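1. model the structure of this input:
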Amino acid sequence: MRYSLRQLQIFQEVAQQLSYTRAAEVLHLTQPAVFAQVRQLEEQTGHKLIERMGKTLFLTEAGAVVLLSAQRILAEAEDLDMRLAELRGLARGRLRLAVVSTAKYDIPARIGAYNRSYPGIEVALTVCNREEILARFAQNADDLYILGTPPESMEAEIERFAENPLVAIAPPDHPLARRPGLTMRDLAEYPFLTRESGSGTRLAAERCFEEAGATPRVKLELGANEAVKQGVIAGLGLSVLSRSTVALELRHGYLVELEVDPFPIIRHWHVAWPKARQLSLAAEAFLTELRQAEERKG
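-> Have a look, this model is predicted:
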């Protein structure tokens, strides 16, 4: 084969980042080294794979073809490494997890418990929004995917493993703070901060307003839980977030949980993986850890 796995790995990172500089940072290489490897791959394929328009990089048609093959080849190579590691038990290996941003407050503790049992397994954690995680699923980029409500269109094995209650929050000096018996119509009287379109948390909040016949006064749409939290703390508006996301702020009094019907909304975390994919021993062990953690709680 004319193309090395390292070349394909570097090209894949550049294609995903659409930036030589960011790809170099992820790969711990210099920017010229990354550029040289992509240029060499272009020479070997006989096609321009990445072009620049102004300051923006984009994939050519040939680049998209090479990226698809690179993803498959690198996944197979990782699978080979895992299968060989499994012959030695779980002394070595790699587990790739992709989680929605809200889950980043819960999952590290699960990874910590897993690492104590299997210290030789390297865990690669990717945190992204719901749309990005669905794209990664379609690309078969990870072993396991953790999200709130998986869409019915996913060709996946899906397992529910933990509660994820959503709560309505406000700064402690807000007029609605500490006031009992609130409704969604009460919340609709004040500015509201929301996550980006497609967010599971946003969809749940919108459903609550709609069922109450109310329309939220959306002041800001923010792409991260941290931004929403800080906005509420700063008094910019009310919001709805996962309780685990704001646990620390609630404990220290920076935020308060509003007593509003129908909250808290009990949602659940789900772990998913492609139906066609045979799980590695490392992934099976992580699933066992998720199940046992809930059994210990119960």
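
2. can you give me the helices for the stretch 51-200 of the chain?
-> Assigned helices in the stretch 51-200 of the chain, in chain order: 61-86, 107-117, 130-138, 184-187, 200-211 (criterion: DSSP state H, counting those that start in this stretch).

3. dump the ones you listed to CSV, plus distance to Glu163.
-> For the C-beta atoms, the positions are set from N, CA and C on the backbone; glycine is no exception. CSV is the format used below for the helices of the stretch 51-200 of the chain (distance: least, Cβ to Cβ, whole Å):
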stretch, distance to Glu163
helix 61-86, 31
helix 107-117, 14
helix 130-138, 19
helix 184-187, 22
helix 200-211, 14
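
4. what's the closest of those helices to Leu8?
-> Smallest distance to Leu8 across the helices of the stretch 51-200 of the chain (Cβ to Cβ): 4.1 Å, for helix 61-86.

5. show the average pLDDT along the closest one.
-> On average, the pLDDT along helix 61-86 is 82.

6. from the contact counts, what lies against it?
-> Where contact means 3 or more Cβ pairs under 8 Å, 6 or more residues apart in numbering; DSSP states H and E, helix 61-86 is packed against helix 5-17, helix 31-45, strand 93-100, helix 281-297.

7. which residue, other than its chain neighbours, is closest to Leu8?
-> Distances taken as Cβ to Cβ, 6 or more residues apart in numbering put Ala70 closest to Leu8, at 4.1 Å, once the chain neighbours are dropped.

8. re the thing from before, most tightly surrounded among the helices and strands packed on helix 61-86?
-> strand 93-100 (a mean of 22; mean count of other Cβ atoms under 10 Å).

9. which residues of the stretch 1-150 of the chain score low on pLDDT?
-> Along the stretch 1-150 of the chain, segments meeting pLDDT under 70 span 1, 82, 85-91.

10. can I get the helices and strands packed on helix 61-86 in JSON lines including distance to Ser239?
-> Supplementary listing: these in JSON lines, determined by distance: least, Cβ to Cβ, whole Å:
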{"stretch": "helix 5-17", "distance to Ser239": "31"}
{"stretch": "helix 31-45", "distance to Ser239": "39"}
{"stretch": "strand 93-100", "distance to Ser239": "17"}
{"stretch": "helix 281-297", "distance to Ser239": "27"}
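
11. what separates the lengthiest strand in the chain from the chain centre, distance-wise?
-> If you go by DSSP state E, the chain has its longest strand at strand 156-170. Remark: strand 156-170 is offset 14 Å from the chain centroid, using Cα atoms, centre = their mean, to the nearest Å.

12. got the contact list for the closest residue to Pro216 other than its chain neighbours?
-> Spatial nearest neighbour of Pro216, excluding adjacent residues (Cβ to Cβ, 6+ apart): Phe192 at 4.1 Å. Neighbouring residues of Phe192 by Cβ atoms under 8 Å, 6 or more residues apart in numbering: 216-219, 237-239.

13. can you put these in CSV and add pLDDT, secondary structure and neighbour count?
-> Below are those laid out as CSV (pLDDT from 0 to 100; DSSP: H, G, I helix; E, B strand; the rest coil; neighbours: other Cβ atoms under 10 Å):
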residue, pLDDT, secondary structure, neighbour count
Pro216, 96, coil, 23
Arg217, 96, strand, 13
Val218, 96, strand, 13
Lys219, 95, strand, 15
Gly237, 97, coil, 22
Leu238, 98, strand, 27
Ser239, 98, strand, 29
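
14. about what we covered before: most tightly packed of the helices of the stretch 51-200 of the chain?
-> The most buried one of these (mean count of other Cβ under 10 Å) is helix 184-187, showing a mean of 20.

15. what bridges to the residue nearest to Pro216?
-> Bridge pairing for Phe192 (DSSP bridges) gives the partners Val218, Leu238.

16. phi, psi of the closest residue to Leu57 other than its chain neighbours?
-> Sequence neighbours aside, Leu18 is the residue nearest to Leu57 in space, at 4.6 Å (criterion: Cβ to Cβ, 6+ apart). Main-chain dihedrals, Leu18, degrees, to the nearest 10: phi 50, psi 40.
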